[in-house]
Structures are given as structure tokens and as C-alpha cells.
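In: just need the structure, nothing else, for what follows:
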Amino acid sequence: MQEEKLERELAPWVRWLARIGLIAKGVVYALIGGFSLHSAFGHSRPSGSSGVFASLGSEWLGMVLLALLGAGLICYVLWRLAQVVFGFALHAKSLTSHFARRFVCLCSAVFYGGLVIDVADHLFSRDRADHGETLARWTGWTMRLPLGRLVIAGIGIGLLIFAGWQLYRAASVRVTKRLRLRGHRSIGMSAIVAISEFGVLARGVVFALIGAFLLDAAWHYRAERSQGFPRALDTLRNLSYGHWLLGIVALGLIAYAVFQFARAGRRGIEAGNNHA
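Out: The predicted structure follows:
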């Protein structure tokens with residue numbers, strides 16, 4: 001009850017930043033999942049966010065949609081930064097937990113801020129399909145710095161921990177908490193919970209692969225091993241029954257998008273925003 005009271009005291013603009021941002025975040029995952037589902041049973045390579053943005057930017061209507069998506073992602077970044085600065089909706093039980101959640105919100109703001117820059121780049125630069133090379137370039141630049149390999153290894157370990165946390169959330173009641181559900185649920189809401197749990201699980205698998213690739217790149221000092229979403233999805237497709245595995249994960253990413261839309265529809269601001 002105390003969390004709900006604190007949430008009601010938030011200014012309307014803060015609520016709308018969260019809602020619009022969550023919708024934009026959901027659209028990104030829906031697009032990645034949709035393109036990946038097409039790749040699972042087609043001949044194209046799986047795409048990450050950059051490849052999706054490049055595809056959207058190839059037509060004028062897609063550019064309009066891309067601009068709207070960029071504006072939505074800006075709202076999400078501003079919401080995360082507002083949490084970092086003002087501690088909005090961070091209901092922690094201890095001071096350490098509170099600052100840890102602010103740090104996670106900062107990491108989230110940086111990550112999605114990178115997506116905003118990527119959107120802007122594709123709006124003004126046509127035909128820039130990126131199959132994961134951006135992360136490899138950043139990894140190579142970082143590893144050339146003093147202690148750069150340790151930084152990349154640390155990020156990889158952090159992503160593996162984050163992925164493990166995602167898997168734990170998918171198997172726990174935390175999804176229902178984030179959807180603000182209590183007591184008896186209708187069949188429809190139970191279905192949304194199940195879809196959301198599946199989405200969180202699929203996203204955790206992809207981030208675990210990306211973390212493993214970063215560790216591999218740091219260990220072998222080869223930045224090209226650190227490609228992100230496209231390589232993670234392509235790795236799944238190259239396994240035994242890989243097309244089916246990629247299809248399942250692609251559906252999971254779409255399910256994660258449904259989770260974001262559900263959160264936005266249920267006020268979008270939940271206690272304990274310790275996620276990216």
C-alpha cells in the first residue's frame with residue numbers, strides 16, 4: 001500500500017515518460033523478434049536493433065516510424081535518469097539496495113541512450129545495416145585502453161549475472177509484482193503473466209550469450225568475437241534444430257514486448273525497478 005501511495009504522488013509527466021518509454025522499448029523488442037522469426041525459417045541473417053533500424057529507414061514511412069520510436073526511447077532514457085537523480089519509484093529496503101537500483105537505472109539509461117543515437121544515425125544515414133559490428137568496434141576500442149580487457153570481461157560477467165537474474169525473475173513471482181497484480185487473476189491476465197514470464201526467460205537467454213561472447217573476446221583478445229544480438233541469435237540458428245530454437249527465442253522476444261505493453265497499460269511504474 002505504501003508503494004502505491006508513493007506512486008500516486010508522482011507527477012503526471014513522470015508517469016507519461018514511463019508509459020511512452022515502455023511502449024517504445026516494447027516496440028524495439030517486437031521488431032527484433034519479428035525480424036528474427038522471419039530469419040528462423042528464411043535465408044536472411046538475424047538482426048539486432050541496428051539492423052531493424054536500417055530496414056525501417058529504407059522507406060519514408062519507416063523513417064517516420066523510426067523518428068517516433070526514437071522520441072519514445074528518449075522518454076524512456078529521461079525516465080531512467082529521473083529515477084537516478086530523484087529516486088522515483090525505487091522502493092528499496094536498505095540504503096545499499098537503493099543505490100544499487102539507481103546504478104542499474106543508470107546502466108539502463110546509457111544502454112537505451114545508445115539506441116537513441118543509433119536511431120538518429122539511421123535517420124540521417126541510409127543503407128547502414130549493422131549485423132553486430134558496432135559492439136565489436138566498441139569492444140576493440142575499449143580493449144586497447146589500459147585494463148581494457150578487464151573492463152570487457154567485467155561487462156561480460158555483469159551480463160551473465162543480469163541474465164541469471166532474468167531467469168530467476170521468470171521463475172519467481174516478480175513478474176506479477178511488476179504488473180501490479182494481487183489476489184485472483186482473470187484468465188486473460190493469467191495468460192499475460194505466462195507470456196511475460198516466457199519473454200523474460202527468452203531475453204535472459206540472449207543476454208547470457210552476449211555476456212559469454214564478451215568474455216570470449218576478452219580472453220582471446222579478439223574484438224570480433226563480441227558481436228551482440230545478431231550473433232547471439234545466429235548462434236542459436238546454427239545449433240541442432242537451430243531454426244526451431246531461433247523461432248522460439250524470437251517468439252520470446254515478442255512476448256517480452258507484450259510484457260512491456262502490459263506494464264505501460266498498468267501504470268508502467270512498479271516497485272523495485274532493478275532491471276534494464
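In: check contacts around residue 198.
Out: 170, 251, 252, 255 (CB atoms under 8 Å, 6 or more residues apart in numbering). C-beta: built from backbone N, CA, C; applies to glycine.
In: would you list those residues in JSON lines and tack on pLDDT, distance to residue 117 and secondary structure?
Out: As requested, the contacts of residue 198 are exported to JSON lines (pLDDT from 0 to 100; distance: CB to CB, whole Å; DSSP: H, G, I helix; E, B strand; the rest coil):
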{"residue": "170", "pLDDT": "71", "distance to residue 117": "30", "secondary structure": "helix"}
{"residue": "251", "pLDDT": "93", "distance to residue 117": "29", "secondary structure": "helix"}
{"residue": "252", "pLDDT": "93", "distance to residue 117": "27", "secondary structure": "helix"}
{"residue": "255", "pLDDT": "94", "distance to residue 117": "27", "secondary structure": "helix"}
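In: other SSEs contacting the helix or strand where residue 233 lies?
Out: Assignment of secondary structure by DSSP states H and E places residue 233 within helix 229-237. Under the contact definition 3 or more CB pairs under 8 Å, 6 or more residues apart in numbering; DSSP states H and E, helix 229-237 sits against helix 12-40, helix 187-220, helix 242-265.
In: just to revisit the earlier point, if you rank the contacts of residue 198 by neighbours, which is first?
Out: residue 252 (25 neighbours; other CB atoms under 10 Å).
In: quick one: residues contacting that one.
Out: Applying CB under 8 Å, 6+ apart to residue 252 gives the contacts 33, 198, 199, 201, 202, 203, 205.
In: switch the cut-off to 10 Å
Out: 29, 33, 36, 170, 195, 197-206 (CB atoms under 10 Å, 6 or more residues apart in numbering).
In: in CSV: the contacts of residue 198, plus distance to residue 61.
Out: Shown next, in CSV, are these (distance: CB to CB, whole Å):
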residue, distance to residue 61
170, 35
251, 26
252, 28
255, 26
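In: which stretches of the stretch 101-250 of the chain have low pLDDT?
Out: For the stretch 101-250 of the chain, the stretches flagged by pLDDT under 70 are 125-136, 172-186, 223-227.
In: nearest to residue 234, of the contacts of residue 252?
Out: Residue 234 lies nearest to residue 36 out of the contacts of residue 252, by CB to CB, at 9.6 Å.
In: I figured that closest one hits residue 242, correct?
Out: No: Residue 36 is not in contact with residue 242 according to CB atoms under 10 Å; the separation is 12.0 Å.
In: shared neighbours of those two, anything?
Out: What both residue 36 and residue 242 touch, as defined by CB under 10 Å, 6+ apart, is the set 233, 234, 236.
In: which one of the contacts of residue 198 is nearest residue 87?
Out: Looking across the contacts of residue 198 and measuring by CB to CB, the closest to residue 87 is residue 170, at 26.8 Å.
In: so who does residue 249 touch?
Out: 33, 36-37, 40, 46, 201-203, 205-206, 209, 232-233, 236-237.
In: ok, 8 Å please
Out: In this structure, residue 249 makes contact with 36, 202, 205, 206, 233, 236, judged by CB under 8 Å, 6+ apart.
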